[in-house]
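K.L.:
here's my sequence, what's the structure:
(chains A and B)
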Amino acid sequence: MLQYFLKRLLSLGLSLVAASILIFLALEVVPGDPAAYMLGINAQEDTLNALREQLGLNGTILQRYLSWAGGLLVGDFGTSYTYRTPVSELIGERLWVSLPLALYALTLSTMIAFPAGIWAASRRGSLVDTGVMGVTQLGVAIPNFWFAMLMVLVFAINLRWFSAGGFPGWDAGFLAGMKALTLPAIALALPQASILTRVMRSSLLDTLGEDFIRSARAKGLTKGQAMWRHALRNALIPVLTIMGLQFSFLLAGAIIIENVFYLPGLGRLVFQAISSRDLIVVESVVMLLVFAVIVVNFAVDLAYALVDPRLRRRR
Amino acid sequence: MGLKKFGSGLISVLALAASISIAEAKSDIIVAMQLEPPHLDPTSAAAGAIDSVLYSNVFEGLTRFGPDGSVNPGLAESWEISEDGKTYTFKLHEGVKFHDGTDMTAEDVKFSLDRARADDSANAQKALFAGIESVEVVDPQTVTVTLNEANSNFLFNMAWGDAVIVAPETIADIKTNPVGTGAFKFSDWVQGDRIDLEKNPDYWGTPANLDTVTFKFISDPTAAFASVMAEDVNAFVGFPAPENLPQFEADPRFQVLVGSTEGETILAMNNKLPPFDNAKVRQAVAHAIDRQAIIDGAMFGYGTPIGTHFAPHNPDYVDLTELSAHDPELSKKLLAEAGFPDGFETTLKLPPPSYARRGGEIIASQLRAIGIETEISNLEWAQWLEQVFRGKDYGLTIVSHTEPMDIGIYARPDYYFQYDNPEFQKLFEAITSENDPEKRSELLKQAEEMIAKDYVNGYLFQLAFPTVADARIKGLWKNQPTQATDLTAVSWEE
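P.N.:
Got it, this is the predicted structure:
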């Protein structure tokens, strides 16, 4: 188990270094000067130079990479070009929206997908199964931003149960915060739940066809007992993989939903930073997301080992 | 508790609630706009969003713009101009305090102006201060500014958001904690979501009616529509979806104000790049444009046609639209005379705003009708600044010039459309040094005519500025003489 753990840890570290170099180089080739963007069309050349000097944009590529990557190692993300506040503070504030939103959406999607997937698999070919498959087909096909707008129309403009968007901040209270995140979380969860339901169902069906289930049934277990005691645990591996991917996606990929509900999340921060060429913010957020993806995958790898003891020895 | 008792209790509670809402007029407001300021220092960035939040609310200058674009006294209650027009002596208001409680004096004025024109200044409009030779403190209430040469625009320049008066002791944190002299104080900024202001109880002038102001930032047009419809916000200034305005106009809950701006929207031509170095080609392009089709198609009918680079609401504006009236036949003839009977190909580079993207497609089809094929590329602002504005690597582009009174850009031969006419440059010098209002007006009209007759650019329309607000709000600015959301006179109807 320890060797497995260390190997995973080493590959995690190497991935991070490679990612930091790639991210930095990719953004270096993006055309556009942050100073020119900030000062606009009437700026004079000497003013632009003064600002570039202030922002530390005049060094060589290597100098700038080292100062950025070196800062990251000690937890210093640098200072945003446009906002002029530490990037770590900016990211911290946004994470307080994005992280709860991602967790909320993942919880919703799991709460829908697990029962629905198990139910459909246990009644394969029945009306229930067909119904679940049809609804999830629709859930995958509907674009989430369209669904989000529809919800705004119904629940915010017509019924007035929710506000159309915005986030009051956690200072306004836990319930107020959760209320503001509810519509966005549902919009995000719907397609994820549909995918997860389908994965859950097919994975469970595969497992139910395995020899050991037949043995379990032969031993005298009922169909339900065999499923709960033996099949479910074995069916979880692909489901965990998908959930890991979904969490990273929810953390970073909520840009459109954040725009529809004008939530101050990470996605919108990156979006604004890209258009204003606030490269240091883009670099740091992307790096953070890479880190999150790698850590989540690491956690999923560990979870495999917990679910399936054979994996601990094999690798 | 019996049902009857409960009922009467309920009624008295309701009555109480009703009486409270009648007794107290609303004293808070939530104003939404599209763009969030990058930081809160109006003296070191071009972002109009900074002024949209802070101008006149939090920061004030020596002079200030009125809602009609006039230049009025601000922190300076009066001024004297010397005979030669080079020396301005400003008398400051007494008892003006910064929001941190310190006095605003002539020293602060000197500090602010010297900071803006210093060598290491990051002021985006440094040119406004270029003519200042020295700033002298006479006494705490009096300051003298000496110019290199007479500048009839000086008082106008001092009204810009980039020329507001700041205090030396608060300058280090100005980007996150702006301390000004205005009727509202900065209170909180939740980045990405909102900025809160509160009433300044010690304001030197007429105090504000509102106690608190919240600015919300909603960039997506659909979300903007939803936020107003759901009454999450009380007003949306610069409403981004003109197609929805008729719906608000028909709804008694809302009022719609469509004002004018300083934004001359032009089809800029690269005057040094062949074939646009040929005045006949530029004239052909100008006559190929059907302005009304662009205003209707791209702006849903909101916008005023212009025939030169000047704001139509300005008293010195001359309507020159006839000089470039829509006439494709004439365009074809002019192209043939210029040696392009079969037209030519060029680039059309478009920045992100919808006036450019939507307008660009319409213009491309209008140019195709006279034989000019355009290759459209959509650019982000940062790319546009680099390729078009600085690199001058373009044939045609569409952009709105939102700075007030900016006809002077035609006197800069290195400006991105590269119009180099010594005659115009001389004329503009004369305008700048002319202090007699009537003569100045005459010269300005000549300048407008000169660029229109040289067909420097295709002049399209003046950007409109739509505001959607709760019908009970009074005192909002309709026009945008500068980018501002001046809330000092705003109140709720009782």
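K.L.:
quick one, what contacts B:G359?
P.N.:
Shown in contact with B:G359 (CB atoms under 8 Å, 6 or more residues apart in numbering or on different chains): B:265, B:294, B:297-299, B:398, B:460. Just so you know, the C-beta spots here come from the backbone N, C-alpha and C atoms, and that holds for glycine as well.
K.L.:
same check on A:P100?
P.N.:
Per CB under 8 Å, 6+ apart, neighbours of A:P100: A:177-178, A:181.
K.L.:
also A:R198?
P.N.:
When contacts are counted by CB under 8 Å, 6+ apart, A:R198 is found next to A:117, A:133, A:136, A:140.
K.L.:
give me the low-pLDDT residue ranges for the chain?
P.N.:
Chain wasn't specified; assuming chain A. For chain A, applying pLDDT under 70 flags the ranges A:1, A:253, A:312-315.
K.L.:
sorry, I should have been clearer: chain B.
P.N.:
Residues of chain B that meet the criterion pLDDT under 70 lie in B:1-24.
K.L.:
let's see that with 50 instead.
P.N.:
B:1-23 (pLDDT under 50).
K.L.:
follow-up on the earlier one: sort out which of the contacts of B:G359 are buried, if you could.
P.N.:
Buried members of those, scored by 16 or more other CB atoms under 10 Å in any protein chain shown, are B:265, B:294, B:297-299, B:398, B:460.
K.L.:
out of the contacts of A:P100, who's nearest B:D202?
P.N.:
A:G177 (35.1 Å; CB to CB).
K.L.:
send the alpha carbons of stretch A:36-46 over as PDB?
P.N.:
Extracted in PDB, the C-alpha atoms of stretch A:36-46 (Å, rounded to 0.1, in the frame of the first residue of the first chain):
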ATOM      1  CA  ALA A  36      -2.000  48.700 -22.900                       C
ATOM      2  CA  TYR A  37      -5.300  47.100 -22.000                       C
ATOM      3  CA  MET A  38      -5.400  48.900 -18.700                       C
ATOM      4  CA  LEU A  39      -4.500  52.300 -19.900                       C
ATOM      5  CA  GLY A  40      -6.600  52.300 -23.100                       C
ATOM      6  CA  ILE A  41      -6.300  54.200 -26.300                       C
ATOM      7  CA  ASN A  42      -5.100  57.600 -25.100                       C
ATOM      8  CA  ALA A  43      -2.100  56.400 -23.100                       C
ATOM      9  CA  GLN A  44       1.300  57.800 -23.800                       C
ATOM     10  CA  GLU A  45       4.400  55.600 -24.400                       C
ATOM     11  CA  ASP A  46       6.100  56.800 -21.200                       C
END
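K.L.:
how long is stretch B:363-372 end to end?
P.N.:
Stretch B:363-372 stretches 10 Å from its first residue to its last (CA to CA, to the nearest Å).
K.L.:
what's in contact with it?
P.N.:
Outside stretch B:363-372, the residues within contact range by CB under 8 Å, 6+ apart are B:267, B:284-285, B:288-290, B:293-294, B:328, B:331-332, B:335, B:340, B:342-346, B:348, B:373-374, B:376, B:396, B:398, B:458.
K.L.:
which of these count as buried?
P.N.:
Among the contacts of stretch B:363-372, those classed as buried by 16+ other CB under 10 Å are B:267, B:284-285, B:288-290, B:294, B:328, B:331-332, B:335, B:340, B:343-344, B:346, B:348, B:374, B:396, B:398, B:458.
K.L.:
name the helices or strands packed onto the helix or strand A:M133 falls within?
P.N.:
Assigned by DSSP states H and E, A:M133 belongs to helix A:127-141. Counting contacts by 3 or more CB pairs under 8 Å, 6 or more residues apart in numbering or on different chains; DSSP states H and E, helix A:127-141 is packed against helix A:87-122, helix A:174-208.
K.L.:
for B:G475, find the nearest of the ones you listed.
P.N.:
Closest to B:G475 of the helices and strands packed on helix A:127-141 is helix A:174-208 (CB to CB; 30.5 Å).
K.L.:
how far does the very next helix or strand once past the closest one sit from the chain's center?
P.N.:
Next along the chain after helix A:174-208, taking DSSP H and E as the criterion, comes helix A:211-218. Put simply, helix A:211-218 sits 38 Å off its chain's centre (CA atoms, centre = their mean, to the nearest Å).
K.L.:
again, but for stretch A:89-104
P.N.:
Centroid separation for stretch A:89-104 versus its chain: 11 Å, with CA atoms, centre = their mean.
K.L.:
ok, and for it, which residues are buried?
P.N.:
A:90-91, A:93-98, A:100-102, A:104.
K.L.:
let me know the closest of the residues you listed to A:L306.
P.N.:
Taking CB to CB as the measure, A:L306 lies nearest A:A102 of these, at 22.4 Å.
K.L.:
just checking, the closest one touches A:L263?
P.N.:
No - between A:A102 and A:L263 there is no contact under CB atoms under 8 Å: 11.8 Å.
K.L.:
who touches the residue of the stretch 151-300 of chain A found nearest chain B in this structure?
P.N.:
In the stretch 151-300 of chain A, no residue comes nearer to chain B than A:P264, which is 2.8 Å away by CB to the nearest CB. Shown in contact with A:P264 (CB under 8 Å, 6+ apart): A:93-94, A:97, A:167, A:258, B:190-193.
K.L.:
from B:Q34, how far off is it?
P.N.:
Distance of A:P264 to B:Q34, given as CB to CB, to the nearest Å: 15 Å.
K.L.:
export the strand or helix carrying B:I266 as PDB, just CAs?
P.N.:
In this assignment (DSSP H and E), B:I266 forms part of strand B:254-269. The C-alpha atoms that make up strand B:254-269 are tabulated as PDB, following Å, rounded to 0.1, in the frame of the first residue of the first chain:
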ATOM      1  CA  PHE B 254     -40.200  50.400 -15.200                       C
ATOM      2  CA  GLN B 255     -38.900  53.600 -16.900                       C
ATOM      3  CA  VAL B 256     -36.600  53.500 -19.800                       C
ATOM      4  CA  LEU B 257     -34.200  56.400 -20.500                       C
ATOM      5  CA  VAL B 258     -32.300  56.500 -23.800                       C
ATOM      6  CA  GLY B 259     -29.600  59.100 -23.600                       C
ATOM      7  CA  SER B 260     -26.700  60.200 -25.700                       C
ATOM      8  CA  THR B 261     -23.100  59.600 -25.100                       C
ATOM      9  CA  GLU B 262     -19.700  60.900 -26.200                       C
ATOM     10  CA  GLY B 263     -19.300  57.700 -28.200                       C
ATOM     11  CA  GLU B 264     -18.700  58.500 -31.900                       C
ATOM     12  CA  THR B 265     -18.900  55.100 -33.600                       C
ATOM     13  CA  ILE B 266     -16.800  55.100 -36.700                       C
ATOM     14  CA  LEU B 267     -15.700  52.800 -39.500                       C
ATOM     15  CA  ALA B 268     -12.000  53.700 -39.200                       C
ATOM     16  CA  MET B 269      -9.800  53.500 -42.300                       C
END
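K.L.:
so it, near chain A or not?
P.N.:
No - Strand B:254-269 stays clear of chain A (CB under 8 Å from any CB of the partner chain), getting no nearer than 11.3 Å.
K.L.:
can you give me how far that strand is from the chain middle?
P.N.:
Averaging C-alpha positions (CA atoms, centre = their mean) puts strand B:254-269 9 Å from its chain's average.
K.L.:
helix or strand right after it?
P.N.:
Counting by DSSP H and E, what follows strand B:254-269 is helix B:279-288.
K.L.:
A:N297 belongs to a helix, doesn't it?
P.N.:
Yes - counting by DSSP: H, G, I helix; E, B strand; the rest coil, A:N297 is found in a helix.
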